[in-house]
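Q: My questions concern the predicted model and sequence given below.
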Amino acid sequence: MWVMVEHLHREKRSGIFRYRRRVPPELQGVLGKKMFDISLKTKDPEAARRKRDEVHREIEAQLATASSSEPDQREYDRAMRILKDGKVISRGSTGVPPHSDSNLDTKLAFADMISARLDKMPPEEQEAPFSEAPADLMIMLKALKRGVKKPDLRLRDAVASYIDEKSNKFNFTDMQKQTKLAREALEEIVGETNPALINITLNDAYAFRDHWIVGKGLTPGTAQRRLKTINAIFNFAIKRHQLTGYNNPFAGVGVKGANANAKGRVDALTIEEIRLCEPHVARSNQDVRDVWALLMFTGARPKEITTLEKQDVILDHPVPHIIIRENDLWRVKVDTRKVPLVGQALEIAQRRLAALEGKPGGIPFIARYSYKGGANAAGGLLTKAMKAAGVWVKQKKVPYSLRHSVKDWVRRVAGEYHEHHAPELVLGY
């Protein structure tokens, strides 16, 4: 039975679900729209709910950013949109001079825009007191008299434009988290909420670095990642918003020892090490046990296993297999590929598909860990088992090591000619 979910609507003719939501009146001028109307591109209710949650988080972030923008920036954005719609300015313009400094063409364009707006007003509005004039008409008149000048770019607007340009449905949540950490730290350092970018100095940049190492006690590597985040925001803002003459104060500011603990190559697990882990993995829940076996028999990445859907498991084929491909929760690093199911992996697939009989194809194959952080949760339990077995070694012997084990096994049996090609086909290198 279909249960109504906020902002989730189903098209009557096509059956496709859409995310629909009205933009608050006070933000319509900033965002340039009255409604969010986004196709979720699915007819499956379960898949629609998951996609709706993803889109909802992004829309909430957009609304929060628009609400937190400085009043000057909001007023500027709305004025520029009105002037562009009224053909007073062209694309690429960043402002308009006051009436006393405008050329004849600009003055005529203002006259045409205001005249057209007045023609649309009913007689009672035209006769109303000037103080009751519509907001957009007041903006036109103010722009005509005083002009419109682009305000200094603020930190929160720079962050918002960076996220809008660089994020996608796969990295949005993490990018929002990392940029928020960087923004809040910089605001604390300069002692101002939402400062203008051009007021951030080199001294502030070094204080930002020391804040993480001395103040927060983070490792050099983590502090360096915080610096990379804020540096990327400033680099993007300078280019995107054409901050001519302003140099990024974070450029060249580094952290001593940041690369000392960089991750090296993950080692493969030996057969004996896998045997030592087995009794400890067996104490975990059935889903974790299945993830372990699937990793061991397919060489897939943990996220590729935990985000599989029912439709990705193909048993009615001469070679039973799973299909590794992009879905709503995980973008694989390689093109879509097929991985054969053999041994225990095939038995798990048969058992789980039988339990999902009659369910839609988009339903998760391993529901307990099918959310964004599911692979980390399952990996944490597998790490616990490996530690209990005395096998785990930081950054060297981890659950991901099973992928390297499979790669070694495939190379061993593939023969000299296929030694390098076989892992590419099966593991997606």
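A: Looks like it came in fine.

Q: Quick one: residues contacting V339.
A: For V339, the contact set (C-beta atoms under 8 Å, 6 or more residues apart in numbering) comprises T298, G299, A300, H321, I322, I323, I324, V426. The way it works is simple: take the backbone N, C-alpha and C, and place the C-beta from them, glycine included.

Q: Surely the second one touches V406?
A: Right, the one you point to is G299. Yes: G299 is within contact range of V406, at 3.1 Å (criterion: C-beta atoms under 8 Å).

Q: rewinding a little: I'd like the contacts of V339 laid out as JSON lines, including pLDDT, secondary structure and neighbour count.
A: Below are these laid out as JSON lines (pLDDT from 0 to 100; DSSP: H, G, I helix; E, B strand; the rest coil; neighbours: other C-beta atoms under 10 Å):
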{"residue": "T298", "pLDDT": "92", "secondary structure": "helix", "neighbour count": "24"}
{"residue": "G299", "pLDDT": "90", "secondary structure": "coil", "neighbour count": "23"}
{"residue": "A300", "pLDDT": "90", "secondary structure": "coil", "neighbour count": "25"}
{"residue": "H321", "pLDDT": "93", "secondary structure": "strand", "neighbour count": "21"}
{"residue": "I322", "pLDDT": "94", "secondary structure": "strand", "neighbour count": "23"}
{"residue": "I323", "pLDDT": "92", "secondary structure": "strand", "neighbour count": "14"}
{"residue": "I324", "pLDDT": "88", "secondary structure": "strand", "neighbour count": "24"}
{"residue": "V426", "pLDDT": "65", "secondary structure": "helix", "neighbour count": "19"}
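
Q: Quick check: the farthest pair among those residues?
A: Taking C-beta to C-beta as the measure, those span a maximum distance of 14.6 Å, between G299 and I323.

Q: Mark out where each domain of this protein begins and ends.
A: For the chain, automatic domain parsing gives the domain ranges 1-68, 72-146, 153-262, 271-427.

Q: Out of the ones you listed, name the one with the poorest average pLDDT.
A: Ranked by mean pLDDT, those end with domain 1-68 at the bottom, a mean of 83.

Q: Then K87 would be within a strand, right?
A: No: assessed with DSSP: H, G, I helix; E, B strand; the rest coil, K87 is coil; it does not lie in a strand.

Q: residue contacts, it?
A: Contacts for K87 (C-beta under 8 Å, 6+ apart) come out as A109, D112, M113.

Q: if you set the cut-off to 7 Å instead, what comes out?
A: Counting by C-beta atoms under 7 Å, 6 or more residues apart in numbering, K87 makes contact with A109, M113.

Q: What separation is there between it and S100?
A: 22 Å (C-beta to C-beta, to the nearest Å).

Q: Same question for M80.
A: 20 Å.

Q: neighbour count winner among those two?
A: Applying other C-beta atoms under 10 Å to M80 and S100 shows that M80 carries more neighbours, namely 20 against 8.

Q: Local confidence estimate at the residue nearest to that one when sequence neighbours are not counted?
A: Of all residues not flanking M80 in the chain, V148 sits nearest, at 6.5 Å (C-beta to C-beta, 6 or more residues apart in numbering). pLDDT for V148: 90.

Q: For V148, name its beta-bridge partners.
A: Beta bridges link V148 to V96, judged by DSSP bridges.

Q: Assess the claim that it and T94 are in contact.
A: No: using C-beta atoms under 7 Å, V148 is not in contact with T94; the gap is 8.8 Å.

Q: Compare neighbour counts for those two and give me the winner.
A: Between V148 and T94, V148 has the larger neighbour count (other C-beta under 10 Å), namely 23 against 12.

Q: Tell me who's in contact with that one.
A: With C-beta under 7 Å, 6+ apart, V148 has these contacts: Y76, A79, M80, L83, G95, V96.

Q: Quick check on K120: phi, psi?
A: K120 has phi and psi values of phi -80, psi -10 when expressed as degrees, to the nearest 10.

Q: What count of nearby residues applies to it?
A: Using other C-beta under 10 Å: K120 sits among 9 other residues.

Q: Just the C-alphas of stretch 137-151, formatted as CSV.
A: The C-alpha trace of stretch 137-151 is given here as CSV (Å, rounded to 0.1, in the frame of the first residue of the first chain):
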residue,chain,number,x,y,z
LEU,A,137,8.7,48.3,-8.6
MET,A,138,10.5,49.8,-5.5
ILE,A,139,13.6,47.8,-6.4
MET,A,140,13.5,49.2,-10.0
LEU,A,141,13.2,52.8,-8.8
LYS,A,142,15.9,52.4,-6.2
ALA,A,143,18.2,50.9,-8.8
LEU,A,144,17.4,53.8,-11.2
LYS,A,145,18.3,56.4,-8.6
ARG,A,146,21.2,54.8,-6.7
GLY,A,147,22.5,52.1,-9.1
VAL,A,148,23.3,48.6,-8.1
LYS,A,149,26.8,47.7,-6.9
LYS,A,150,28.0,44.1,-6.2
PRO,A,151,28.5,43.7,-2.4
